[in-house]
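> mind folding the following:
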Amino acid sequence: MKDLIPRTITAVVAIAIVVAALLLGALWRSIWPVALLGAFVVGVASWEYVQLLERNGISLNRLAFVSSAMLVILAYGTPEAAFGDLVLWAALVFPIALYLFDPDALRKILATMGGIIYIPYLLHFFYPLYRATDGALYGLLALALVWGYDIGAYLAGSAWGRSLLAPTISPSKSWEGVAGGFVLALAVAALAPIWQDWWTSWPHMIALAGITSALTQLGDLLESRLKRFAHVKDAGGLMPGHGGLLDRIDGLLLAIPAIYFYFHLVLRWV
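A predicted model of the protein is given here:
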């Protein structure tokens, strides 16, 4: 836990920026503070993704990929979902056309399609959650659930981790960390001021904490697999104590769509 101080400072600054964007968007009744922050995050994370692929022998056009990814997340910032879908299609077609006559075309096309879906498309599910009535609160809760799991898993794993979760993928992850992450995510869900009848809402609290924990951990392992193939510890160095932006949003990318669909299909609040 020697890097706890830089991790904490970085986390506080990052959380302050995110919360400020959410509150400004709610105050101005505009998606654009969130969309612009999302474009920055997607741009940097996409750059890190391309770097990981290059270490695995897949060389993509960085400008084409990063600009396509940022365009997708900005397009979904508009209320018209059809426009976002059109831009997603265009963002996929452009790199495909670019690589079509490359000797290594198939791998580059699949890497591009996978990356566009993996980063900006999965992250765009935050928008319909945020646009709902009380959306700023729902969006903050979704982020807090993921952050809570990450913090709980890190602290519990560092203190008590013995039973390795996936030693061939990420040797530092443990089942004790998973348990600690779930407990803190459950505490976040239980303390959220969204429940009309707190005593009868326990199944939803447990479900949200469980879904978030499972998918946040799965997202972390997925990115760890990419890093292991690339023989690097971190995807980047932008965030001291944390690595790169992709290292910070890896769990978020899988958890956010599931949280949105739970709010939409089960709670029917979105």
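
> any low-confidence regions in the stretch 1-150 of the chain?
1-3 (pLDDT under 70).

> hey, where'd the strands end up in it?
With DSSP state E, counting those that start in this stretch as the definition, the stretch 1-150 of the chain shows no strands.

> what segments of it are helices?
Shown for the stretch 1-150 of the chain, the helices assigned by DSSP state H, counting those that start in this stretch span residues 4-28, 32-55, 62-75, 81-99, 105-116, 122-123, 126-131, 135-160.

> so for Ala209, which of those sits nearest?
Go through those one by one with CB to CB and the one that ends up closest to Ala209 is helix 135-160, at 6.9 Å. Every residue, glycine included, has its C-beta placed from N, CA and C.

> helices or strands up against the next helix or strand after the closest one?
Along the chain past helix 135-160, the next helix or strand (assigned with DSSP states H and E) turns out to be strand 164-166. Helices and strands in packing contact with strand 164-166 are listed as strand 170-174, helix 175-191, helix 202-230; criterion 3 or more CB pairs under 8 Å, 6 or more residues apart in numbering; DSSP states H and E.

> export the ones you listed to TSV and tack on distance to Ala159 and mean neighbour count?
Supplementary listing: these in TSV, determined by distance: least, CB to CB, whole Å; neighbours: other CB atoms under 10 Å:
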stretch	distance to Ala159	mean neighbour count
strand 170-174	10	17
helix 175-191	8	21
helix 202-230	18	19
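
> would you turn those into CSV with distance to Phe261 and mean pLDDT?
Formatted as CSV, these follow (distance: least, CB to CB, whole Å; pLDDT from 0 to 100):
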stretch, distance to Phe261, mean pLDDT
strand 170-174, 26, 90
helix 175-191, 16, 97
helix 202-230, 9, 96
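
> tell me which of these sits nearest to Trp28.
Ranking the helices and strands packed on strand 164-166 by distance to Trp28, with CB to CB as the measure, places helix 175-191 first at 26.6 Å.
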